[in-house]
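Undergrad: Fold the following for me, if possible:
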Amino acid sequence: MVDSAPINPIIPGFAQDPSLVKVGSTYFLVNSAFHVFPGLPIYASSDLVSWKQIGSAIPRQTQLTLSKSSTRFSTNPSGEIMLATGGLFAPTIRYHKGTFYVVCTNIIHPENSKGIQKDFIISTQDIYSKFTGEKLSEERKIWDGTGGIYPEGPHIYKKDGWYYLMISEGCTHENHMITMARGKDIRGPYDACPRNPTLTARGTDEHIQYTGHYDAFQDGKEGWWGVCLGVRKDEGDRFIMGRETFLTSAKWKGGGEWLSFDSVTENPKGVIRQVESVALEAVPMVDFLYIRDADLSKYKFPEEGKAVIPTSSTTDLSHPEISPTFVGKRQQELNGRSTVTIRQASGHEHRYVRIFCDTSSPAMVFEFTKQCKEDIEVEAADSEDWVCLSSVGTLDMTGPDFVGLIIGIFVVAEAEEIEVDFGEFEIM
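TA: As a prediction, the model looks like this:
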């Protein structure tokens, strides 16, 4: 008997709104990226359980700007404060006659106004290369959904002369659900499925909650499957990893009338992952992430990405619009370890007295600094030498945010052009 490991989530951590297409013997999957660059990560797999990030659909800053993808506070239907970012939402990936297509929405937050949706389509004949393109026709509404808020993430499938439309409704948290409709004309009208919602975890005690944004596909054996987003929610209401990508099986019921989905579990029927297999990996360097329109000239990557030398900026991490000096990777392990060594920091002499308001306290702070230029080395010989500076409860890091966890390094200084040498940079 072969030892097996849990399959779901197939893309752990910060992997919302999945869409998938099968080309030949390879499955290709894309996720939302919001205000993070590069945008729309693309993964490849031959067996649906082991995946590799091969690149992104938006790897070049010349394709679009994320400068208007600011973070705003909003209230979700449960009354919780939600950090709503702009940027790239709910992509769909498809393949036709030698060309890959990605359709996506860029949410722009102009100053003092509501978000504006900018839909676009990009294409490529080499998914390992680059995407270009634009939409060729105007948009039109074809279905309003069943009445749930925020009908979004549409996918259309043609089967037995019918066009089946699948969308998400109910917002992306506890009321999230999948609904379907069908029609003989792709432009409508569409009639709702009598069994809507066709997939939801609301009102259940399932470990995997918030399921939605489903995309269905066939394997090479005429079996039907789907990928969707969800969260692993424990008894303490913690879901520290945010929204992740899950796999589940499906089948057509009623003589092929409607697609029926199995509940999302850690081990969907029909697939097995061996314990020693690698669940998720990446082509070197493609999984580094920046915030919005980063100044890429501020980053050096010696040692094939195992070291990073960023140059400081005056922008801090909390700025809602401007890109700080920050580079990181998506957290992948629920129980993991991430490390970095600060090998050297170079800068100028600092000697000043200042009084400022610390808005996090709030308090008025007096500060006297007299620090000459010097090299700094931080080193840990073994685990016994580690000192815990502080700890943060995972419940405090759980919330209805759009993005998932990104672990990285940043450099902020009152003066520009300070380089810091980080080595042994590893994210788990």
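Undergrad: For the rest of this, base every contact and every neighbour count on C-alpha atoms.
TA: Fine.
Undergrad: Count the residues that sit near Asn175.
TA: Asn175 has 20 neighbours, counted by other CA atoms under 10 Å.
Undergrad: do the same with Ala84
TA: Neighbourhood size, Ala84 [other CA under 10 Å]: 19.
Undergrad: Quick one, grab the pLDDT at it.
TA: Confidence at Ala84, expressed as pLDDT, is 75.
Undergrad: Tell me the bridge partners for it.
TA: Arg72 (DSSP bridges).
Undergrad: ok now do it, which residues does it touch?
TA: Ala84 makes contact with Thr71, Arg72, Phe73, Ser74, Asp401, Phe402 under the criterion CA atoms under 8 Å, 6 or more residues apart in numbering.
Undergrad: and the gap between it and Thr71?
TA: Per CA to CA, to the nearest Å, Ala84 is found 6 Å from Thr71.
Undergrad: one step back: for Val412, state which of the contacts of Ala84 is nearest.
TA: Each of the contacts of Ala84 was checked against Val412 using CA to CA; the closest is Thr71, at 19.6 Å.
Undergrad: rewinding a little: out of the contacts of Ala84, which are buried?
TA: Buried members of the contacts of Ala84, counted by 16 or more other CA atoms under 10 Å: Thr71, Asp401, Phe402.
Undergrad: Looks like the first one contacts Pro320 (just checking).
TA: Looking back up the chat, that one is Thr71. Yes - under the criterion of CA atoms under 8 Å, Thr71 makes contact with Pro320 at 5.1 Å.
Undergrad: Could you break this structure into its assigned domains?
TA: 4-282, 290-426 (automatic domain parsing).
Undergrad: Give me whichever of those domains is most buried.
TA: Highest mean neighbour count among these (mean count of other CA atoms under 10 Å): domain 4-282, with a mean of 18.
Undergrad: can you give me how far that one is from the chain middle?
TA: From the chain centre to the centre of domain 4-282 is a distance of 11 Å (CA atoms, centre = their mean, to the nearest Å).
Undergrad: for stretch 401-413, same thing?
TA: 13 Å.
Undergrad: what does the average pLDDT come to for that stretch?
TA: In the prediction, stretch 401-413 has an average pLDDT of 84.
Undergrad: Not counting it itself, show me its contacts.
TA: 13-15, 33-34, 82-85, 240-243, 310-317, 324-331, 338, 420, 427.
Undergrad: do stretch 58-65 as well
TA: By CA under 8 Å, 6+ apart, stretch 58-65 touches Phe37, Pro38, Gly39, Leu40, Lys130, Phe131, Thr132, Arg292, Asp293.
Undergrad: Out of the helices and strands in the chain, which is least certain?
TA: Lowest mean confidence among the helices and strands of the chain (mean pLDDT, DSSP states H and E): strand 350-358, at a mean of 50.
Undergrad: so where does Thr211 fall, helix or strand?
TA: Following DSSP states H and E, one finds Thr211 within strand 208-218.
Undergrad: elements contacting the very next helix or strand once past that strand?
TA: Next helix or strand after strand 208-218 toward the C-terminus (DSSP H and E): strand 224-232. Secondary-structure packing of strand 224-232 (3 or more CA pairs under 8 Å, 6 or more residues apart in numbering; DSSP states H and E): strand 19-23, strand 208-218, strand 244-253.
Undergrad: would you list those in CSV and tack on distance to Glu152 and mean pLDDT?
TA: Shown next, in CSV, are the helices and strands packed on strand 224-232 (distance: least, CA to CA, whole Å; pLDDT from 0 to 100):
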stretch, distance to Glu152, mean pLDDT
strand 19-23, 13, 98
strand 208-218, 8, 95
strand 244-253, 17, 93
